[in-house]
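1. What shape does this take:
(one chain, ligands or ions: 1)
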Amino acid sequence: MQSAVLVIDMTNDFLTGTLKNDRALKTVQPINDLIKRAHQQSLPVIYVSDAHYPVDHELKIWGEHSMKGTWGSEIIPELAPQPGDYSLEKRTYSAFFETGLDTLLRDLQVDHLILTGVVTNICIQHSAADAYLRGYSVTVPTETTEALNEPAYQTALDYIKTMYGAQIISVAQTLAK
Ligand code: ZN
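-> Numbers count the residues shown, from 1 in each chain. Just a heads-up that it's a prediction; the model follows:
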């Protein structure tokens, strides 16, 4: 099994900007730990982040956030990509939707995705769905994702586990594999 770490929407707007979510702040350190270990093991680290155009239909629901070319769409400084990491832009919930991610993963011969980032019941859940539909195995380390509230977080993780056969385990368990 070849794994890759995906870091989804850990941009300034989702952590401290227009869609800030204080619950998400506690994911930063665990994600950092996971990324460090991935680098040590030469696993690909792939950032996929919102970079919205003003015409994107998703903005009708959420308002302007993580706009392309702005501070809000930059990865938070604590998790700044390192040389050799990959960085893709998306314009709606799924990390797979018209981002080139699937092609990149196949070129890297990856078949297992470790999903991290925000928001658990939105972009993580949609990305897990698209990963499953394309035949990838999925792990979501519990400390590396958050939702706007606890029920949304739990419901999403339960759904991802049940519907997509994902492993919902701790960072330590993920790293032990
Ligand atoms: Zn968005």
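2. Flag every residue of the chain that's near the ion.
-> Within the chain, the residues that sit near the ion (C-beta under 5 Å from the ion) are 50, 58. All C-beta spots, glycine's among them, are computed from the backbone N, C-alpha and C.
3. which helix in this structure runs the most residues?
-> Ordering each helix of the chain by length in residues (DSSP state H) puts helix 150-164 first.
4. Of all the residues in that one, which ones are buried?
-> Using 16 or more other C-beta atoms under 10 Å as the test for burial, helix 150-164 gives 152-153, 156-157, 159-161, 164.
5. Also stretch 79-96?
-> Buried residues in stretch 79-96, counted by 16+ other C-beta under 10 Å: 79, 85-86, 88-91, 93-96.
6. quick one: which two of those are the most distant?
-> Maximum pairwise distance in the buried residues of stretch 79-96, criterion C-beta to C-beta, is 21.9 Å, between Asp85 and Tyr93.
7. Count the neighbours of the closest residue to the ion within the chain for me.
-> Closest approach between the chain and the ion, counting by C-beta to the ion: Asp50, at 4.0 Å. Per other C-beta atoms under 10 Å, the neighbour tally for Asp50 reads 25.
8. show me the residues around it that make contact.
-> 9, 11, 13-14, 65-66, 73, 89-91 (C-beta atoms under 8 Å, 6 or more residues apart in numbering).
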